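1. my questions are about this predicted structure, shown below with the sequence.
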Amino acid sequence: MSLLLLVVSALHILILILLFVATLDKSWWTLPGKESLNLWYDCTWNSDNKTWACSNVSENGWLKAVQVLMVLSLILCCLSFILFMFQLYTMRRGGLFYATGLCQLCTSVAVFTGALIYAIHAEEILAERPSGGSFGYCFALAWVAFPLALASGIIYIHLRKRE
């Protein structure tokens with residue numbers, strides 16, 4: 001049982017790390033060359049004076065939705081980990097981790113929705129940018145975090161506390 005709890009906790013921490021990197025790092029969209037765009041700032045390399053020029057992202061409603069959903073997924077994932085630790089030490093033997101599992105399932109839905117919106121509306125979100133480019137590694141990390149969070153939520157729902 002202790003090995004299972006260790007594995008579930010490690011999976012949860014892995015999901016948290018993936019979500020933090022996907023939300024806060026700077027590569028949701030990669031432009032030709034070395035430039036990349038994130039959810040918060042558009043930074044491009046100015047080769048004339050060899051500096052980075054950063055500006056706020058566009059006021060696109062779809063991008064704002066992706067920002068909100070990714071932050072919500074981080075909050076829900078942190079909350080579910082805290083809830084898991086609380087339930088682990090206070091719940092009676094034989095109890096199920098329903099609240100933690102439901103919170104993780106909501107995390108996976110938020111990540112899925114945010115990444116899907118970004119994938120579908122990338123052209124609108126990046127309308128002011130030069131054409132070309134591809135999805136960056138942060139976008140891929142969000143998609144990796146989705147099935148892991150979904151699996152984690154299902155595991156928590158079926159997990160029963162034993163002594």
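-> Perfect, I can see it now.
2. okay, CA-based contacts and neighbour counts for the rest of this
-> Noted.
3. for this protein, what spans make up the helices?
-> Applying DSSP state H to the chain gives helices spanning 2-24, 61-90, 98-120, 122-125, 137-158.
4. turn those helices into JSON lines, including distance to Ser131, mean pLDDT and mean neighbour count.
-> Output for the helices of the chain, formatted as JSON lines (distance: least, C-alpha to C-alpha, whole Å; pLDDT from 0 to 100; neighbours: other C-alpha atoms under 10 Å):
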{"stretch": "helix 2-24", "distance to Ser131": "23", "mean pLDDT": "90", "mean neighbour count": "17"}
{"stretch": "helix 61-90", "distance to Ser131": "18", "mean pLDDT": "91", "mean neighbour count": "18"}
{"stretch": "helix 98-120", "distance to Ser131": "15", "mean pLDDT": "94", "mean neighbour count": "22"}
{"stretch": "helix 122-125", "distance to Ser131": "9", "mean pLDDT": "84", "mean neighbour count": "15"}
{"stretch": "helix 137-158", "distance to Ser131": "18", "mean pLDDT": "93", "mean neighbour count": "20"}
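5. make JSON lines from those helices and add distance to Trp45 to it.
-> Converted to JSON lines, these look like this (distance: least, C-alpha to C-alpha, whole Å):
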{"stretch": "helix 2-24", "distance to Trp45": "19"}
{"stretch": "helix 61-90", "distance to Trp45": "22"}
{"stretch": "helix 98-120", "distance to Trp45": "23"}
{"stretch": "helix 122-125", "distance to Trp45": "20"}
{"stretch": "helix 137-158", "distance to Trp45": "19"}
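6. need the residue in this protein that's farthest from the chain's center.
-> Asp48 (35.4 Å; C-alpha atoms, centre = their mean).
7. can you read off the pLDDT for it?
-> Looking at Asp48, its pLDDT is 80.
8. for Ile13, see how far away the residue nearest the centre of the chain is.
-> With distances taken as C-alpha atoms, centre = their mean, Leu19 lies nearest the centre of the chain, 3.2 Å away. Between Leu19 and Ile13 the computed distance is 10 Å (C-alpha to C-alpha, to the nearest Å).
9. how about Glu35?
-> 30 Å.
10. can you dump the C-alpha atoms of stretch 136-156 in CSV for me?
-> Taking Å, rounded to 0.1, in the frame of the first residue of the first chain, the C-alpha atoms of stretch 136-156 are listed here in CSV:
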residue,chain,number,x,y,z
GLY,A,136,5.9,24.5,-29.1
TYR,A,137,6.8,22.1,-26.4
CYS,A,138,4.6,23.8,-23.7
PHE,A,139,1.6,23.0,-25.9
ALA,A,140,2.8,19.4,-26.1
LEU,A,141,3.3,19.3,-22.3
ALA,A,142,-0.3,20.4,-21.8
TRP,A,143,-1.5,17.5,-23.9
VAL,A,144,0.8,15.1,-22.0
ALA,A,145,-0.6,16.4,-18.7
PHE,A,146,-4.2,15.8,-19.8
PRO,A,147,-4.2,12.0,-19.9
LEU,A,148,-2.0,11.8,-16.8
ALA,A,149,-4.4,13.9,-14.8
LEU,A,150,-7.3,11.9,-16.1
ALA,A,151,-5.6,8.6,-15.1
SER,A,152,-4.7,10.1,-11.8
GLY,A,153,-8.3,11.1,-11.1
ILE,A,154,-9.5,7.7,-11.9
ILE,A,155,-6.9,6.1,-9.7
TYR,A,156,-7.9,8.4,-6.8
